[in-house]
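[1] quick one, what's the 3D model for this:
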Amino acid sequence: MNDSKASTGVISRRQFLGSTATAVAAFTIVPRHVLGGPGHVPPSDKLNLACVGIGGRGRADLFSVRSENIVAVCDVDDEQMANTLNYKLSNEGQTQESAEITELLGRLQNAKKYRDYRKMLDENHKSIDAVVVATPDHTHAVIAMAAIKMGKHVYCEKPLTHSIGEARALAEAARKAKVVTQMGNQGHASEEIRLIKEWIADGAIGEVREAHCWTNRPIWPQGIDRPEAIPSVPSTLDWDLWIGPAKFRPYHPAYAPFAWRGWWDFGTGALGDMGAHIFDVPFWALDLNAPTSVMASCTRFNEQTYPIAEVVHYEFASRGKMPAVKLTWWDGGLMPSRPPELEEGRRMGDVDGGVLLIGDKGTIMCGTYAKNARIIPETKMQAYKRPAKTIPRTAGIHEDWIACCKSNKPACSNFDVAAPLTETMLLANLAVRASDKQTPLMWDGANAKVTNMPELDEFVNPAYRTGWSL
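    Next comes the predicted model:
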């Protein structure tokens, strides 16, 4: 792909700073004794980070790695970049966090700014230690792979990739490069998911053969046709770079900056969005891996967007002493039956979704991100003698990755953990494509093949647009 002049140059600071530039002090590396204070981390002990995609979720990631040196930021949309660099905190009282973010925003004014992540990596590869990727799903893999091939540690937003083949390729490349990786599913770093796994191992609810996951997503349009209008591309947006490896189509605000999750070419639908948080609970707690079969039923859809609602049935074989499991995913407002032991008037899960793990001696319920994990009913939770905590705890998904980059240890949701989860989630989208057959998709996990529907294999490793590759 030939880059335009706008997409290959460093973005002017004036474009983002405006009249506020003079009010911001320049960021300078100074000795520890000058910055002072017990517990202060000297600049030499900080990572030099580059962040790709700093609007929306990317802004939250950027703020969450504020403890480190942000040396470069990249976004194909100048408006998104400007909104983040000139972000205004609420006036609801100054907290330690808000003070730190304000200080970060001051430092960011002198960070190098780019539209094209390739130019950013090429020009700064000697000074960058690690890269944060928070772009739409369809560009996760190409950006993360470029960083890995340069030997950079990588934090990549969920879902790890847009396709199953990409997930496997990233995990293999990261393993070979010996870099520290992390997928951004915050719940995997939580105390609650560790408690659930420890309770399962302790036999708190006996053997688990059934699980249910649900979400209120999608909260963006799905089940719609491709727009016919072809509006002008905003001058602030490099649309060709935004499209990246996907099939080219004209710009439309129906895709960017927000609603891309509902389109097959760019997002991964409701399960791709929330599965990394919700599906992760049974996947990790029950030691699941590749399913043997997947079958979906859903509302009507087309080849452009995902369905409005779907139910996906997974079957997993036994693992060691753990029995086979049937897991059902529900979205679009659909939910499993209410467990009879759940107290009257008590919400099932939380407003965004939840999980039920059904054992032969009881049921565990939690909300999104494994929050409020409890054995139900509450009387049974209160009577349960909890086991010792055996799983290492973390300070958070970003904090864990940063600490592991510095200690060269595997992070909790590293790509060897995240890739199998992502693959299993994305199998639902293959099953949706085959939902009219009303028969299970049989999955050969070892070879990444659909054994009974070979026509689906093209979606395991979809072709990239000319000029793009891993």
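[2] every contact and neighbour count from this point should use C-alpha atoms.
    Fine.
[3] run the chain-centre distance for stretch 388-395.
    Distance of stretch 388-395 from the chain centroid (CA atoms, centre = their mean, to the nearest Å) equals 22 Å.
[4] stretch 181-193 too?
    Computed by CA atoms, centre = their mean, the chain-centroid distance of stretch 181-193 equals 10 Å.
[5] excluding chain neighbours, what is closest to Phe415?
    Ala171 (5.0 Å; CA to CA, 6 or more residues apart in numbering).
[6] and Pro218, by the same measure?
    Nearest residue to Pro218 in three dimensions, chain neighbours excluded: Ala270, at 5.3 Å (CA to CA, 6+ apart).
[7] quick one: mean pLDDT over the strand or helix carrying the one you found.
    Using DSSP states H and E, Ala270 maps to helix 269-278. For helix 269-278, the mean pLDDT works out to 96.
[8] cool, stretch 97-116 as well?
    Rounded mean pLDDT across stretch 97-116 is 96.
[9] for stretch 425-440, same thing?
    The average of the pLDDT scores along stretch 425-440 is 96.
[10] what does it contact?
    For stretch 425-440, the surrounding residues in contact (CA atoms under 8 Å, 6 or more residues apart in numbering) are 162-164, 268, 271-272, 275-276, 279, 293-298, 312, 441, 456, 459.
[11] buried ones among those residues?
    162-164, 268, 271-272, 275-276, 279, 293-298, 312, 441, 456 (16 or more other CA atoms under 10 Å).
[12] what's the helix holding Ala270 packed up against?
    If contacts are counted by 3 or more CA pairs under 8 Å, 6 or more residues apart in numbering; DSSP states H and E, helix 269-278 sits against strand 208-215, strand 353-359, helix 415-433.
[13] and the second one, what's buried?
    Buried residues in strand 353-359, defined by neighbour count with 16+ other CA under 10 Å: 353-359.
[14] out of these, which is nearest to Cys412?
    Nearest to Cys412 among these: Val355, at 20.8 Å, using CA to CA.
[15] residue contacts, that closest one?
    211-214, 278-279, 281-282, 349, 364-368, 370.
[16] partner residues bridging the closest residue to it other than its chain neighbours?
    Once flanking residues are discounted, Val355 sits nearest to Cys213: 4.6 Å by CA to CA, 6+ apart. On the basis of DSSP bridges, Cys213 is bridged to Trp329, Val355.
[17] any idea how far Cys213 is from Met322?
    When distance is defined by CA to CA, to the nearest Å, Cys213 is 19 Å away from Met322.
[18] contacting residues for the residue sitting nearest the centre point of the chain?
    The centre of the chain sits closest to Lys158, judged by CA atoms, centre = their mean, with a distance of 1.1 Å. Counting by CA under 8 Å, 6+ apart, Lys158 touches 137, 183-185, 272-273, 276.
[19] ok, 7 Å please
    183-185, 276 (CA atoms under 7 Å, 6 or more residues apart in numbering).
[20] same deal with Asp273?
    Contacts of Asp273 (CA under 7 Å, 6+ apart): Pro159.
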